[in-house]
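Enquirer: heads up, no residue letters with this:
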């Protein structure tokens, strides 16, 4: 008989940032293990429950025992398993004994052109208790536990390892207790309600009654339902105050954490003195979210209000004590932020730069001051190339890391750059410098839309280029999932700069900037001999590979590969990929790509193509026609390419299809006459260069 299966582990407070994943994995692993054992389908309905003090899973319609079944197991080639008379060999008998298959029915069957021995095995049904015990042990062992704890059981001798000490275990199949055990606990049906507002003990009558039973004990066990309830209360409360929760992403991140801290959430509104609003709002927002887990509120213009929302674990008719207590707690935090801000402003940001000499950047690269000096050189170089104000770029680079030695950033490292911008503005810095300081740690560069944006781009690019060049130069590169210096993110940030420059308005001040030229200059800002020469080549490959992976999620992989293969200027990549995608839709594209692949293969096998083309040696009408076609197309392709009209450049190639097809049908490239052969290879080389001006279209061939 089938019934719902419930398993709950009640523990001490679980780590909030890991709770949702712990609950998800616990339920999924239980379901998957039972599916492997034949109890449920691989996609069987299941729910996970997770509160600060419990993990639980509910799996629907689980039978009391798995059905008996027959398995067919492939053993060995028949010629090894049977002798000439058809009797089992010693090798087959040994395999049968080893696998416990004595007495199994043996059959022969052809597979993949060879005959094999198969054993037909009757597998009896397994009681649910046995399968659930194994599934529970595997699920516990596979939990993504951030850090294991060790604790002793009541016997004083047994040590258990788990994310937090476990206090009880429930295992119910319908209304029946399954005799499971785990972490030194034996299964029952008892659990606890809310720590302060629930009954000391709750008995779950059946698996399907679990959520309602806990709700009666003031515990909302379903993580997703609890999260949704909190969000609804937050929005209702904010709306009632005429305010909003602000940008969605930080709200959702904090919501996940807060959901893991409460069992019966109730939202209350608090406030603080308006005088604190004189402090940059980012400082107040950060201290409320990070330290207090409050939700700050904003007016319609996005400006911080002096109100905040508290997600409490207590549901009270009179919540004055909770509200006033939280207001008393947050006030010193806000006062600290105001103190740091006012104190930091007493020293000009430029006067702090010298202090960076005592702050280590990297043991091989020296101090942050040494880094700042490299950033100044790079920012000036980049600014000159892209048309930004060179002096403002230098000033921004000079001040870029000065806020690292301020009190505010010392307390809140997340505010690096942002606070530097506030302090620079207080000191009277130009708006372009202020903006560059505040945008230097963004994930992506700003658009190249005005002069100040170009100053920001110069500093942003200098910062990432210096880090990438230096670390690749000493062999510190990402490996597998390890990237402690965030170099993959830095490479994507660098790419975003070139994309922004590529989208700059026509006739604007932005100018072409070559990646390798930039990397070479950056390498020259480090001490001689410090960086390995191979590091630049590896870095260049790394950047293009990151770009390849990023674009492959947006465009056909073949089009991306065709463009990246040429390592074109980064600011041209997206336009070229889009052109290749459009080219692929032409009826001539497939034939031209196949022809180009054939040309590439021919040229790889010969060095004769390096010779110059001699028109007088073009003896066949088909080769003369192909040369004439190239003569006619080359000005069109080059003109379109020069205007960055890559689609037009590729579409022009369609006119060459007929002459290319005829050439390969009527002309023998490897002619006996060496001079004619070399000339035909030179012709193909000329065609290859024309066809691959925008991308390596041979990579589009099937």
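Expert: Looks like it arrived, so ask away. Since this is a predicted model, take the numbers as computed values, not measurements.
Enquirer: give me the low-pLDDT residue ranges for this protein?
Expert: Scanning the chain for pLDDT under 70 picks out the ranges 505-512, 607-611.
Enquirer: residue nearest the middle of it, spatially speaking?
Expert: residue 489 (9.4 Å; CA atoms, centre = their mean).
Enquirer: where does that one land in three-state SS?
Expert: What DSSP: H, G, I helix; E, B strand; the rest coil gives for residue 489 is helix.
Enquirer: how about it, what does it touch?
Expert: The neighbourhood of residue 489, defined by CB atoms under 8 Å, 6 or more residues apart in numbering, consists of 443, 483. All C-beta atoms are positioned from the backbone trio N, CA, C, and that covers glycine.
Enquirer: and the gap between it and residue 478?
Expert: Noted for residue 489: a distance of 10 Å to residue 478, by CB to CB, to the nearest Å.
Enquirer: do residue 460 as well
Expert: Counting by CB to CB, the gap from residue 460 to residue 478 is 21 Å.
Enquirer: check residue 446 too.
Expert: Counting by CB to CB, the gap from residue 446 to residue 478 is 26 Å.
Enquirer: can you check residue 342 too?
Expert: Counting by CB to CB, the gap from residue 342 to residue 478 is 41 Å.
Enquirer: quick one, which of the two is more surrounded?
Expert: Neighbours per residue (other CB atoms under 10 Å) separate residue 342 from residue 478, with residue 478 holding more: 18 against 12.
Enquirer: against residue 25, how distant is that one?
Expert: According to CB to CB, residue 478 stands 26 Å off from residue 25.
Enquirer: now swap in residue 486 and tell me
Expert: The value you get for residue 486 to residue 25, if CB to CB is used, is 27 Å.
Enquirer: these two: who's more crowded?
Expert: Shown here are residue 486 and residue 25; by other CB under 10 Å, residue 25 has more neighbours (19 against 13).
Enquirer: you'd agree that one is up against residue 142?
Expert: Yes: using CB atoms under 8 Å, residue 25 is in contact with residue 142, at 6.7 Å.
Enquirer: and for the nearest residue to residue 63 once chain neighbours are set aside, the neighbour number?
Expert: Distances taken as CB to CB, 6 or more residues apart in numbering place residue 2 nearest to residue 63, at 4.8 Å, with adjacent residues excluded. Using other CB under 10 Å, residue 2 has 14 neighbouring residues.
Enquirer: tell me where the stretch 151-300 of the chain has helices.
Expert: Assigned by DSSP state H, counting those that start in this stretch, the stretch 151-300 of the chain shows helices spanning 210-216, 223-240, 248-259, 281-286, 292.
Enquirer: the second one to helix 248-259, inter-axis angle?
Expert: Angular relation of helix 223-240 and helix 248-259 on a 0 to 180 degree scale: 120 degrees, by axes from the mean of the first three to the mean of the last three CA atoms, to 10 degrees.
Enquirer: so what's the residue nearest to residue 63 up against?
Expert: By CB under 8 Å, 6+ apart, residue 2 lies in contact with 61, 62, 63, 64.
Enquirer: for it, give its distance to residue 174.
Expert: 9 Å.
Enquirer: count of neighbours near residue 335?
Expert: By other CB under 10 Å, the residues close to residue 335 number 15.
Enquirer: just residue 208 next, same as before
Expert: By the criterion of other CB under 10 Å, residue 208 has 17 neighbours.
Enquirer: again with residue 19
Expert: Count around residue 19 with other CB under 10 Å applied: 23.
Enquirer: contacts only, for the nearest residue to it once chain neighbours are set aside.
Expert: Of all residues not flanking residue 19 in the chain, residue 260 sits nearest, at 3.8 Å (CB to CB, 6+ apart). Under the criterion of CB under 8 Å, 6+ apart, the neighbours of residue 260 are 14, 16, 17, 19, 20, 50, 52, 223.
Enquirer: possible to save the residues you listed as a markdown table with distance to residue 37 and secondary structure?
Expert: Shown next, in a markdown table, are the contacts of residue 260 (distance: CB to CB, whole Å; DSSP: H, G, I helix; E, B strand; the rest coil):
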| residue | distance to residue 37 | secondary structure |
| --- | --- | --- |
| 14 | 28 | coil |
| 16 | 33 | helix |
| 17 | 32 | helix |
| 19 | 28 | helix |
| 20 | 27 | helix |
| 50 | 24 | strand |
| 52 | 31 | coil |
| 223 | 26 | helix |
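Enquirer: out of those, grab the one that's most surrounded.
Expert: Busiest of those [other CB under 10 Å] is residue 50, holding 26 neighbours.
Enquirer: what about that residue, distance to residue 40?
Expert: Residue 50 is 21 Å from residue 40, where distance means CB to CB.
Enquirer: what's the distance between residue 239 and residue 233?
Expert: Separation of residue 239 from residue 233 (CB to CB): 11 Å.
Enquirer: who has more neighbours, the two?
Expert: residue 233 (16 against 11).
Enquirer: what's in contact with the one helix or strand residue 597 maps to?
Expert: Using DSSP states H and E, residue 597 sits within helix 589-604. For helix 589-604, contacts defined as CB under 8 Å, 6+ apart pick out 583, 609, 653-654, 656-657, 660-661, 664, 669, 681, 684-685, 687-688, 691-692, 697-702.
Enquirer: ok, now stretch 315-334?
Expert: So stretch 315-334 is contacted by 197, 218, 264, 266, 268-273, 276, 279, 284, 287-288, 291-292, 294, 308, 310, 312, 314 (CB under 8 Å, 6+ apart).
Enquirer: how about the contacts made by the residue lying farthest from the centre of the chain?
Expert: The centre of the chain is farthest from one residue, residue 85, which by CA atoms, centre = their mean lies 61.3 Å away. Listed by CB under 8 Å, 6+ apart, the contact set of residue 85 is empty.
Enquirer: now it, what's its secondary structure?
Expert: Following three-state DSSP, we place residue 85 in the coil state.
Enquirer: returning to what we had before: how about the contacts of residue 260 in CSV, adding distance to residue 404?
Expert: As requested, the contacts of residue 260 are exported to CSV (distance: CB to CB, whole Å):
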residue, distance to residue 404
14, 35
16, 30
17, 26
19, 34
20, 34
50, 39
52, 36
223, 39
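Enquirer: show me the two of those that sit farthest apart.
Expert: 17 and 223 (13.2 Å; CB to CB).
Enquirer: quick one, phi psi at residue 484?
Expert: Taking degrees, to the nearest 10, you get phi -60, psi -20 for the backbone angles of residue 484.
Enquirer: tell me the contacts of it?
Expert: Under the criterion of CB under 8 Å, 6+ apart, residue 484 has no neighbours.
Enquirer: for it, give its distance to residue 478.
Expert: Distance of residue 484 to residue 478, computed by CB to CB: 9 Å.
Enquirer: before we move on, back to that, I'd like to know which of the contacts of residue 260 is nearest to residue 648.
Expert: Nearest to residue 648 among the contacts of residue 260, with distances taken as CB to CB, is residue 20, at 51.3 Å.
Enquirer: now do the nearest residue to that closest one once chain neighbours are set aside against residue 211, distance only.
Expert: In space, residue 20 comes closest to residue 223 once its chain neighbours are excluded; the distance is 5.8 Å by CB to CB, 6+ apart. Counting by CB to CB, the separation of residue 223 from residue 211 is 11 Å.
Enquirer: would you mark the buried spots in the helix or strand harbouring residue 110?
Expert: Element membership of residue 110 [criterion: DSSP H and E] is strand 105-111. Within strand 105-111, the residues that qualify as buried are residue 106, counting by 16 or more other CB atoms under 10 Å.
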